[in-house]
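In: kindly generate the corresponding structure for this input.
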Amino acid sequence: MDLPELFELPEVNEEHQSIKRKFENHWLSPYESPVIQHIYKIYPLESLENAYRRYRRTIEQKGDFLSQGLERGNERLRFHGTKRACGLGDRGGSPILCNQSRCSLCSIIMESFKLDRCGTNSRLADTAAGRFGRGIYTTPTSSKARRYCRNSESSRSPFLAMLLTKVVEGKSQKLRKSHVDFTEPSEGFDSVIGEPVGGSSGREPKYDELVVYKECAIIPAYLIIYDLDSVF
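Out: Numbering: from 1, shown residues only. Model prediction:
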């Protein structure tokens, strides 16, 4: 069985530094951003990569985003937090994916995102998971994605893991009110951007999120391993 590959980016590598800056600059919590230990570039299965590229090409042909100075298909890099049941990435080098069914992190890296698993990581009553229906949620704000990063008891890791994904935004529908019945954007749109109004009851404001409703519209691109903190 073919498996995705993970390649650790050396700290002196410009790609490593670019991801690190993105993580730190988009940590909008009042608390200091945690220290990054490792960053890995993810090489997904060819079939998943091809499906993603075909969808991106379709959206580009429809929206002509390159002519607007945007990326092909209006592609974005967005953070996604999820649960981990193993110690993937903690030791650097060439990490090995686990096969535990409860390890969402390894499942996403192996199979990409699955709509039938959406919302299974929601553990906070006031989270935005599901506010815009049955979709795949990402955010430009690393500190918001942090709220969904967690280790199971079996992991026993001193670190947390976060994904940085490639997402085809296309033409986005901006919403401020919840639409929990959504299974796709309104006609003429390719994605939803949720723009919450005001702050939250927690210790940081609610920041916007990007939601897509097709599995081929998103793919994991980088794995970030960073220090476990206790500010949330």
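In: doesn't Lys214 make contact with Ser191?
Out: No - in terms of C-beta atoms under 8 Å, Ser191 does not count as a neighbour of Lys214; the distance is 9.1 Å. (Glycine included, C-beta is placed from N, CA and C.)
In: for those two, indicate the residue with more neighbours.
Out: Ser191 (27 against 18; other C-beta atoms under 10 Å).
In: how close does that one sit to Ser178?
Out: Counting by C-beta to C-beta, to the nearest Å, the separation of Ser191 from Ser178 is 16 Å.
In: look at Leu124 and report its pLDDT.
Out: On the pLDDT scale, Leu124 is placed at 42.
In: repeat that for the one 4 residues further on.
Out: According to the predicted model, the pLDDT of Ala128 comes to 41.
In: can you list the buried residues in the longest helix along the chain?
Out: The helix of greatest length in the chain, counted in residues with DSSP state H as the criterion, is given as helix 46-63. By neighbour count, with 16 or more other C-beta atoms under 10 Å as the criterion, the buried positions of helix 46-63 are Leu48, Ala51, Tyr52, Tyr55, Arg56, Ile59, Glu60, Gly63.
In: centre-most residue in this protein?
Out: In the chain, the C-alpha closest to the average C-alpha coordinate belongs to His80, at a distance of 2.4 Å (C-alpha atoms, centre = their mean).
In: dump the C-alpha coordinates for the helix or strand encompassing that one into CSV.
Out: Assigned by DSSP states H and E, His80 belongs to strand 75-81. Extracted in CSV, the C-alpha atoms of strand 75-81 (Å, rounded to 0.1, in the frame of the first residue of the first chain):
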residue,chain,number,x,y,z
GLU,A,75,-5.7,28.9,-3.6
ARG,A,76,-5.0,29.7,0.0
LEU,A,77,-2.9,28.3,2.8
ARG,A,78,-5.0,27.8,5.9
PHE,A,79,-4.5,26.2,9.3
HIS,A,80,-6.4,23.2,10.6
GLY,A,81,-6.3,21.8,14.1
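In: mean confidence score for that strand?
Out: Per-region confidence: strand 75-81 scores 98 on mean pLDDT.
In: which residues are in contact with Arg78?
Out: Thr138, Thr139, Pro140, Leu164, Thr165, Val167, Leu210 (C-beta atoms under 8 Å, 6 or more residues apart in numbering).
In: go again using 6 Å as the cut-off
Out: The contact partners of Arg78, by C-beta atoms under 6 Å, 6 or more residues apart in numbering, come to Thr138, Pro140, Thr165, Val167, Leu210.
In: look up phi and psi at Asn25.
Out: Here is the backbone geometry of Asn25 (degrees, to the nearest 10): phi -70, psi -20.
In: where's it relative to Tyr137, distance?
Out: Applying C-beta to C-beta, the value for Asn25 to Tyr137 is 21 Å.
In: what does Ile219 give?
Out: According to C-beta to C-beta, Ile219 and Tyr137 sit 15 Å apart.
In: higher neighbour count, these two?
Out: Neighbours were counted for Ile219 and for Tyr137 using other C-beta under 10 Å; Tyr137 has more, 28 against 23.
In: so the more buried one touches Leu210, yeah?
Out: No - no contact is recorded between Tyr137 and Leu210 when judged using C-beta atoms under 6 Å, the distance being 7.6 Å.
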